[in-house]
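> Using only what follows, build the 3D model:
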Amino acid sequence: MKNLISLLFILNYLGVFAQTDTAQVITPNRLNAAETRSKPYVILISADGLRSDYAEKYHAKNLLTWAEKGVTAKAMLPSFPTITFPNHWSLITGLYPAHHGLIDNYFYDYLKKKFYAMSNKEAAEDGSWYGGNPLWSLAEKQGMLSASMMWVGSASDAGGARPTYYYHYHEKFSPQEKVSKVINWLQLPEDIRPHFITLYFPEVDASGHRFGPESKETENAVQLVDHAVGALFEKVKKLGLKNVNFIFVSDHGMIKVDIENPLTIPEILFDKNRFDFYNAQTLLRIVVKNPAEVKAVYRNLKKNKTPEYDVFLDKKFPKKLNFSPKHDRYNRIGQILLVPKSPKIFLEKGKKASVGKHGYNPYEVPEMKAAFIALGPAFKENKKIGEFQNVNIYPIVTDILNLKITEPINGKQKVANEILQK
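Numbering: from 1, shown residues only. Purely as a prediction, here's the structure:
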């Protein structure tokens, strides 16, 4: 019996392991255009959840060295809501979440009559969910090969062209293994070598959620990513490639939330005949099924709310957050929004919440702000700039790689002009 149990355990383990696809995917029959082969390289690195002050707070020596030698921003302002999938897609498309349609990690589309969830591989790799033209698609269509290591949406056909080299999302690779695979890409022959590479690290976000932003675990995660970044820089330098440029960003910050005294969701909203609601805990979106009821429901919620959260009609949402009906191209937001004041969260009965959270308004909650550091021949040296919105990363990359922007974006040229060598 003991042997049988052991065998069943092994078979179950192998079955689970087999479900994780760690193989590289290569899109066949692609070559760099002749004029592309002499162009610069851009490696865009994201450390999920690395707050704007973490590098200094946790003595990330490699990132601090990059900041001293290259360009660094006081902070980068994530798009609203300050959540992982919306912001990674904003970074790579230059569009606000309400414009590109990825308005949350989890949402319902009333035209598709389907849910999108970041944990659902089929949805996450279905390009029809994603608006905008991601940088790798833009590059591929202009004769420049690209590669992606786990960036949001990179395994989808959004924009019409996947990266030439990419991986389905998994967390089996260590940061150092990811670095080795990036180096492998840069060692390929010129005709098949990617010039635009995206690299994603989830470790800081995971530790921040589980243990909080002030924890030793989060400090260790920052150090882990910092060591990987340092190793990447040194290994790239040894390759002897000319004009390699590094852009280090994060998608959002992190704050410790009050999980002991969560906000109660108004009882009226549990009437499924009248409402759907979607609770990200730091933002609660409400869909009123009968549009004629919207104003009355809004007044009711406003009248009965506590001082610990705000109630907004979608049309009256703060303009600078770009999260209103005129921006909502896919009609996914909802008509009423309940916004907790940090560190408060909405929590349904029986549900759990992590110690660390993000999603709040970055203009009001500074802990939501993200990091930006850049280094390489394309960038000015010893340059410090103020805060800027993350949609401005797109024109920075296109300027360096001499790519033509073919679709309207929300990003502006101003930041690129300020930090790039003329």
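> Verify the contact between Ala280 and Tyr106 for me.
Yes: Ala280 lies in contact with Tyr106 (CB atoms under 8 Å); the separation is 7.5 Å. (C-beta placed from N, C-alpha, C; glycine too.)
> Where do the strands of the stretch 151-300 of the chain begin and end?
Taking DSSP state E, counting those that start in this stretch as the criterion, the stretch 151-300 of the chain carries its strands at 165-167, 196-201, 244-249, 255-256, 275-279, 284-288.
> ranking these by burial, who's on top?
Highest mean neighbour count of the strands of the stretch 151-300 of the chain: strand 196-201, a mean of 25 (counted as mean count of other CB atoms under 10 Å).
> Now do that one: which elements does it pack against?
strand 41-47, helix 135-141, strand 146-149, helix 175-186, helix 216-239 (3 or more CB pairs under 8 Å, 6 or more residues apart in numbering; DSSP states H and E).
> List the contacts of it.
41-48, 88, 92, 135-136, 139, 144-152, 154, 163, 175, 178-179, 182, 185-186, 225, 228, 232, 397, 401 (CB atoms under 8 Å, 6 or more residues apart in numbering).
> Surely Pro266 is in contact with Leu301?
Yes: Pro266 is within contact range of Leu301, at 6.0 Å (criterion: CB under 8 Å).
> what touches both of the two?
Leu338.
> Poorly predicted segments of the stretch 251-400 of the chain, please.
Across the stretch 251-400 of the chain, nothing is flagged by pLDDT under 70.
> at 90 instead, please
349-350 (pLDDT under 90).
> those helices in it, which residues are they?
For the stretch 251-400 of the chain, applying DSSP state H, counting those that start in this stretch gives helices covering 294-304, 393-401.
> could you dump those helices to a markdown table with mean neighbour count?
Below are these laid out as a markdown table (neighbours: other CB atoms under 10 Å):
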| stretch | mean neighbour count |
| --- | --- |
| helix 294-304 | 14 |
| helix 393-401 | 24 |
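> To Ser250, which of these lies closest?
Evaluated over these, closeness to Ser250 peaks at helix 393-401, with 11.4 Å, by CB to CB.
> How far off centre is the closest one?
18 Å (CA atoms, centre = their mean, to the nearest Å).
> Stretch 206-219 too?
Worked out by CA atoms, centre = their mean, stretch 206-219 lies 18 Å from the chain centre.
> What are the contacting residues of that stretch?
48-49, 51, 54, 58, 204, 220-221, 253-256, 354-357, 367.
> And for Glu418, the neighbour number?
For Glu418, the neighbour count with other CB atoms under 10 Å is 16.
> pretty sure Leu347 contacts Pro262?
Yes: if you go by CB under 8 Å, Leu347 and Pro262 touch, sitting 3.6 Å apart.
> who touches both of these two?
Counting by CB under 8 Å, 6+ apart, the residues touching both Leu347 and Pro262 are Ala353.
> Pipe the strands of the stretch 151-300 of the chain into CSV and attach distance to His209 per row.
Output for the strands of the stretch 151-300 of the chain, formatted as CSV (distance: least, CB to CB, whole Å):
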stretch, distance to His209
strand 165-167, 23
strand 196-201, 14
strand 244-249, 19
strand 255-256, 10
strand 275-279, 16
strand 284-288, 19
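> Of the contacts of stretch 206-219, just the buried ones, PyMOL syntax please.
Only the buried entries of the contacts of stretch 206-219 go into this PyMOL selection, using 16 or more other CB atoms under 10 Å:
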select buried, resi 48+49+51+54+58+204+221+253+254+255+256+354+355+356+357+367
